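In: Give me a 3D structure for the following:
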Amino acid sequence: MGSYLKVNLLTKETRTIKAHDGTTMQKILEIVIGRLRAINKQYFALQITDTLADGSKIAHWIPNNYTLPDTNQRYPPADKDRPWEWNLKIRFLPNNIQNLAESDNVTFTYFYQQVRLEYFDTLAEHMDIDTAVQLGCLEMRRQFKDLSHEALNKKSNINMLENEIGFDKFIPRCVLDRARSREIKKLIQTNLKQFSVLTENQCVYKFFEILSKVKHIGITPFHVKMGDLEDAQSIELHVGPLHGISYKLGDTQVRIDFDSIQAITVEPTCTYQTRVILMYYITGVPQEEQANLEVNAVENISDKTAFRIQFSLHGRCVGISAKNELIVDFCNPNKKQAFVYHLDNTLKSPGSGLCVGLSQNSTSGMLLHLVSCGQAIQLELENEKLMHKKGNTTLCLSARRNKASAQPDLATPISLSACDKMTLAIQLLEETDFLKDRAALMLPYIPTEKCDFPACAINTTPPKAQIVNPPRQRCSNIVECVTVVVKTARRPLQVLRLAKSLEVTLNQNLSIVVIDDGPDLHPPEIMTKIAEYPNIRYIISSEEDLGIAEGRNIGVRTVETKYFMSYDDDLVVSEKTNVSTMFEMIESLDASLVGGRAKQDFAGFMHFVNEGETGDPIMEFYPGSCAVESEEISGYPGCYRCDLTTNCFIARTEDLLEVGGWSKELKIQEHKDMFLRLKAAGKKVVYCKDFKIKNVHSEKGIDMVNKTEISYDRQAYKELRSNRIGQMINRFANHWNIMSVKDIEDGSELNLDFII
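Out: Numbers count the residues shown, from 1 in each chain. Okay, here's the model as predicted:
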């Protein structure tokens with residue numbers, strides 16, 4: 001059964017979502033946020049609100065794993081004839097707002113608008129006129145950032161602003177009513193002059209600075225009880241990333257730094273509520289006067305979320321055999337492998353109603369099975385290990401590895417053993433995210449002798465691309481419609497070489513988004529060099545090892561143009577790359593991606609099959625197989641239908657986002673994965689053998705900035721990449737539930753009869 005849900009955005013837009021009883025808030029959030037192009041989607045949440053008869057408002061944050069029935073049961077409407085209003089808001093914040101502005105301006109701006117609206121709704125009546133006009137002028141300056149100070153400050157323009165737009169869009173009406181129009185205009189002129197040199201984001205920083213003197217920004221209130229159950233007193237708890245935790249008890253104001261928290265004890269109840277005991281220590285207060293907080297309504301802690309348990313180094317999962325044994329298995333979305341990690345540190349299999357415990361029949365007693373929940377064992381997640389602690393003994397979840405492959409074989413029993421360097425690292429994959437990421441493996445397929453596993457559903461290559469008729473509305477200029485996305489790993493000067501080659505080739509500057517590993521800035525000489533390219537938005541991640549896949553995902557999510565071009569940082573564009581022709585083709589054809597080639601003809605078809613001798617599921621890759629006459633695109637000689645091209649391509653931004661981009665699990669070896677996602681979604685790919693790009697690994701053509709060394713350790717990066725290749729090859733194979741990838745380049749084996 002489904003219903004329609006209207007979610008209000010701060011942009012005054014409304015998203016109407018059809019939600020079924022099983023649709024989670026996480027899924028609704030993904031749909032609603034999709035068009036915002038926000039990078040940090042984890043900062044958003046859904047809030048329900050209602051205005052009561054006396055004018056007061058009530059509001060509740062809804063946990064991401066709740067469904068509509070969960071929400072209605074937990075928060076029944078005050079008036080059954082007046083449903084809740086659903087709003088998309090920012091709930092979580094990083095410590096540094098300025099870093100958010102630089103890395104994700106969409107989320108930053110959304111948070112600013114949220115703070116402004118809250119100021120208008122709750123603080124305006126208590127705001128003095130001077131401060132309110134200051135805040136209003138900052139918003140005027142921000143909105144009309146392209147106007148000079150002289151133009152904005154003209155008396156005629158201020159009058160037009162009052163009459164055509166209205167001062168109440170910037171200054172609360174209740175404040176305007178307390179002063180004469182002439183007084184307000186004089187204050188506006190004075191403040192606009194003061195703020196004339198501020199940039200758009202500087203206006204926001206100044207707004208926060210002024211408002212924070214009146215109200216703490218980024219603070220969330222919670223209604224909790226303090227003390228023992230029998231003598232508990234109701235208080236309002238304020239929590240914020242920089243503020244810490246504070247509350248007022250009588251005339252005493254108490255503030256708790258996060259560092260002073262000694263322990264958090266969670267006690268689940270039989271309802272949706274959860275009791276949390278927060279033990280902390282206040283410096284200078286005697287032990288007998290220390291107090292605890294009992295929180296009896298924490299909405300964000302829940303034991304309903306399901307996870308897959310993945311061996312993070314290799315990509316396989318904890319599975320369940322027909323005999324309820326815990327075994328090593330592919331992470332297969334078609335199998336019931338999810339566990340609910342309860343607040344008491346037990347793992348439950350929701351489909352069976354059983355929990356993880358020790359086998360009652362194994363001779364060693366350390367093998368793990370599904371048992372009745374009364375016999376469940378506790379498993380604590382620490383340092384990427386699942387640990388079972390009993391007395392002075394600590395055992396870890398483990399599985400014996402194959403010496404040749406260094407990963408556990410399929411069907412290997414999972415047990416508890418001593419925690420040592422051989423213990424397998426694990427991570428929990430939230431079930432909803434996992435199913436979305438592995439959607440291609442859930443497509444229907446008919447098993448055959450040649451192919452009998454989930455990835456076989458992807459074997460059909462989409463039809464050849466055709467010219468769209470009637471033609472779509474065309475872009476007038478490549479600069480308006482294309483953004484270049486580059487992921488680099490501390491190699492900024494190679495990025496600048498690529499940018500220069502694009503400028504020289506096109507005789508114009510395309511917008512370029514660069515995602516670099518962090519967390520540190522490059523040396524000043526290099527940052528100055530980057531600043532010489534105003535068309536480059538250079539984002540340095542907070543992570544030291546972000547990975548190619550996730551870096552590209554972040555880059556594409558920042559793109560606001562219809563198309564984007566993807567390049568490696570060590571590529572150099574020339575006339576032979578035919579960038580303008582690529583752009584013309586993506587405009588004219590019904591293809592999702594048009595790509596070229598590097599030195600080698602890497603483009604080819606991919607096909608899943610059971611290997612002849614062993615019957616193992618594998619993927620065959622045929623590099624150089626696309627450039628055949630039968631696959632040529634009509635009207636574009638030298639361009640062919642293909643499954644995969646090199647990383648020199650132009651693509652439709654919307655199509656790449658639709659298929660989920662690149663799998664963030666793959667730090668490298670991510671290329672085939674993205675093209676398989678396109679293929680699974682029926683998206684058309686075109687390869688043009690004469691669109692050539694240079695791959696230059698050396699520093700040739702790089703200005704070394706007064707002999708300043710490139711800002712990365714070449715040898716360390718080379719070793720990291722070398723050590724990681726085998727791991728990521730295994731990860732890719734396990735991601736697609738296959739044993740290996742077989743490259744077929746021998747002409748005698750090149751049989752492409754499987755292509756329809």
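In: Please make it C-alpha for all contacts and neighbour counts, starting now.
Out: Will do.
In: For the residue lying closest to residue 331 once chain neighbours are set aside, which residues are in contact?
Out: Ranked by C-alpha to C-alpha, 6 or more residues apart in numbering and with sequence neighbours excluded, the top spatial neighbour of residue 331 is residue 317, at 5.0 Å. Contacts for residue 317 were tallied using C-alpha atoms under 8 Å, 6 or more residues apart in numbering; they are 308, 309, 310, 311, 328, 329, 330, 331.
In: Now do the SS call for the third one.
Out: So that's residue 310. Of the three states, residue 310 takes strand according to DSSP: H, G, I helix; E, B strand; the rest coil.
In: Backbone dihedrals for the nearest residue to it once chain neighbours are set aside, both of them.
Out: Setting aside the residues directly before and after it, residue 310 is nearest to residue 317 in space (C-alpha to C-alpha, 6+ apart), at 4.2 Å. Recorded main-chain torsions at residue 317 are phi -120, psi 170, according to degrees, to the nearest 10.
In: any idea how far residue 651 is from residue 317?
Out: For residue 317, the distance to residue 651 under the criterion C-alpha to C-alpha, to the nearest Å works out to 33 Å.
In: re earlier: which residues does the residue nearest to residue 331 form a beta bridge with?
Out: With beta bridges defined as DSSP bridges, residue 317 has these partners: residue 310, residue 329.
In: Report pLDDT for it.
Out: The predicted local confidence for residue 317 comes out at a pLDDT of 95.
In: cool, and residue 261?
Out: The pLDDT attached to residue 261 in the predicted structure is 62.
In: just residue 636 next, same as before
Out: In the prediction, the pLDDT value recorded for residue 636 is 96.
In: That one: neighbour count?
Out: The burial metric for residue 636, expressed as a neighbour count using other C-alpha atoms under 10 Å, is 10.
In: Check the one 4 residues further on too.
Out: The local packing of residue 640 (other C-alpha under 10 Å) involves 26 other residues.
In: swap in residue 27?
Out: Counted with other C-alpha under 10 Å, the burial measure for residue 27 works out to 16 neighbours.
In: how close does it sit to residue 356?
Out: With distances taken as C-alpha to C-alpha, residue 27 is found 28 Å from residue 356.
In: next one: residue 603
Out: The gap separating residue 603 from residue 356 is 46 Å, by C-alpha to C-alpha.
In: neighbour count winner among the two?
Out: Applying other C-alpha under 10 Å to residue 603 and residue 356 shows that residue 603 carries more neighbours, namely 28 against 24.
In: Leaving out chain neighbours, which residue sits closest to that one?
Out: Once its chain neighbours are removed from consideration, residue 603 has its nearest residue in residue 645; the separation is 4.3 Å (C-alpha to C-alpha, 6+ apart).
In: Check whether residue 14 really touches residue 33, as I assumed.
Out: No - the pair residue 14 / residue 33 is not scored as a contact, 11.5 Å apart, by C-alpha atoms under 8 Å.
In: before we move on, the earlier item: of the contacts of residue 317, just the buried ones, ChimeraX syntax please.
Out: Here the buried members of these are turned into a ChimeraX selection, burial being counted by 16 or more other C-alpha atoms under 10 Å:
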select :308,309,310,311,328,329,330,331
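In: Between the contacts of residue 317, which sits nearest residue 620?
Out: Distances from the contacts of residue 317 to residue 620 were compared by C-alpha to C-alpha; the smallest belongs to residue 330, at 18.9 Å.
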